[in-house]
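Trainee: Predicted coordinates and the sequence they were generated for:
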Amino acid sequence: MHELSVCQALLAQVEQLAREQGAQRVVKVSLGIGPLSGVEPALLRQAYPIAAAGTVAGDSELVIEERPVRVHCSQCGKDSDASANRLLCAHCGDWRTELLSGDDLLL
């Protein structure tokens, strides 16, 4: 399960931030996950307690915000939401878009 290794990497960052801030424990870890990130939120929730055990975030709450797919249209110049498997402009319907968000994993 690759989500376990993602959790371990995230928790390494959390532990580093906790050390930098002089924190003894972490009570909440917040993540923003886009549908194109390659990370499955449900599997991440299952892997989190295993990865967090024995760390400063051992008893922390994991909060996941699922982020939308957003594109910028090169034809009409507008930004809009899109679906993960159909990156079309919601305003003019053109397919020539640039991905703005949706492939992110933010701590």
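Mentor: Arrived safely.
Trainee: can you give me phi and psi for residue 98?
Mentor: The phi/psi pair for residue 98 (degrees, to the nearest 10) reads phi -120, psi 130.
Trainee: pLDDT-wise, which helix or strand of the chain ranks last?
Mentor: Taking mean pLDDT, DSSP states H and E as the measure, the chain has strand 105-106 as its least confident helix or strand, at a mean of 91.
Trainee: Would you map the helices across this structure?
Mentor: Assignment of helices within the chain using DSSP state H yields the ranges 2-21, 41-52.
Trainee: want to throw these into TSV with distance to residue 90?
Mentor: All C-beta atoms are positioned from the backbone trio N, CA, C, and that covers glycine. Shown next, in TSV, are the helices of the chain (distance: least, Cβ to Cβ, whole Å):
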stretch	distance to residue 90
helix 2-21	30
helix 41-52	24
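Trainee: Make TSV out of these and add mean neighbour count.
Mentor: As requested, those are exported to TSV (neighbours: other Cβ atoms under 10 Å):
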stretch	mean neighbour count
helix 2-21	15
helix 41-52	17
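Trainee: mind putting those helices in TSV, mean pLDDT and distance to residue 82 included?
Mentor: Converted to TSV, the helices of the chain look like this (pLDDT from 0 to 100; distance: least, Cβ to Cβ, whole Å):
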stretch	mean pLDDT	distance to residue 82
helix 2-21	94	24
helix 41-52	94	19
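Trainee: Determine the number of other residues adjacent to residue 98.
Mentor: 11 (other Cβ atoms under 10 Å).
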